[in-house]
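Student: Got a sequence here, can you build the structure:
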Amino acid sequence: MPHITPRVNFLIAGTQKGGTTALAHFLAQHPHVFISRQKELHFFDRDKYFRARTPNYTWYHQHFQGCDGYRAVGEATPIYMFWPAAAPRIHAYNPAMKLILLLRNPIERAYSDYIMERRRGFELLPFRWAIRVEPLRRRWLPSLLARHYLYTSRGFYSQQIQHLLHYFPREQMLILKTEELREDHYGTLQRVCAFLGVDPFPAIKQEIVFSNEYAPMSLDDWQLLQRIFAQEIDTLEALLGWDCSSWRRPPSPSRTMS
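Tutor: Numbers count the residues shown, from 1 in each chain. Reported below is the predicted structural model:
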């Protein structure tokens, strides 16, 4: 394989509905960070770019014109964390790639994902039935269509992290809770800067990025998801040394933010 000179040295790789849009928005304001203007380039998760023995990175690199001189150059495509074929492709492109993963309570994430697909017009089923038929959709629908209905599948983070660890050392990953970006906005951005090797963030205004209100899920649906994710939350706590007790609490009766 001919030598590749990678332009991109970091990716916001997950998770969908985890705050990746907000993080990309804030990083774009840093003077030493170049992030593609278009979010979700979907390069490493699309087979069409990798059918040839040697991938052609020309289209991908077109999104990073003007990045010379920046210390950190990246993009945000949250499915990279979930899509198994993405990890080896990313490693082949740049084995030193830094990966930022934002993990949201998988119960909240599943419901927020469902609301998004309802609004897009892809989902017509009630939430409880959409969850129940998800395995059938994943098995029988074409992959580009099935990815719209992976409400619970995307929330098994420990499996995705273990898969990434086959290709990248742990020190090349920064794994954060979505709540950290929301509740400790400035401190979390400073952690991201340290990870990327750029100067601390200057004072930046905290703002809400791409947020929508919607009615909370029912208690019955929450209990179903709690059963689905109970063991996964335990596994994630052990893997990352986190306290995820807040993820086990039932939803507030007030309206929810995506």
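Student: What's the per-residue pLDDT of residue 202 here?
Tutor: On pLDDT, residue 202 comes in at 78.
Student: so it, which of the three states?
Tutor: coil (DSSP: H, G, I helix; E, B strand; the rest coil).
Student: tell me the contacts of it?
Tutor: residue 31 (C-beta atoms under 8 Å, 6 or more residues apart in numbering). For the C-beta atoms, the positions are set from N, CA and C on the backbone; glycine is no exception.
Student: Start at 36, not 1
Tutor: Sure thing, new numbering starts at 36, so read that last one as residue 237.
Student: any idea how far it is from residue 93?
Tutor: According to C-beta to C-beta, to the nearest Å, residue 237 and residue 93 sit 35 Å apart.
Student: same check, this time on residue 131
Tutor: From residue 131 to residue 93 the distance is 21 Å (C-beta to C-beta).
Student: who has more neighbours, these two?
Tutor: residue 131 (11 against 7; other C-beta atoms under 10 Å).
Student: Ramachandran coordinates for the more buried one?
Tutor: For residue 131, the backbone dihedrals (degrees, to the nearest 10) come out as phi -90, psi 10.
Student: what sits against residue 46?
Tutor: Per C-beta under 8 Å, 6+ apart, neighbours of residue 46: 109-112, 115, 125, 132-135.
Student: helix, strand or coil for it?
Tutor: In terms of secondary structure, residue 46 is strand; the call rests on three-state DSSP.
Student: What residues are bridge-paired with it?
Tutor: residue 110, residue 134 (DSSP bridges).
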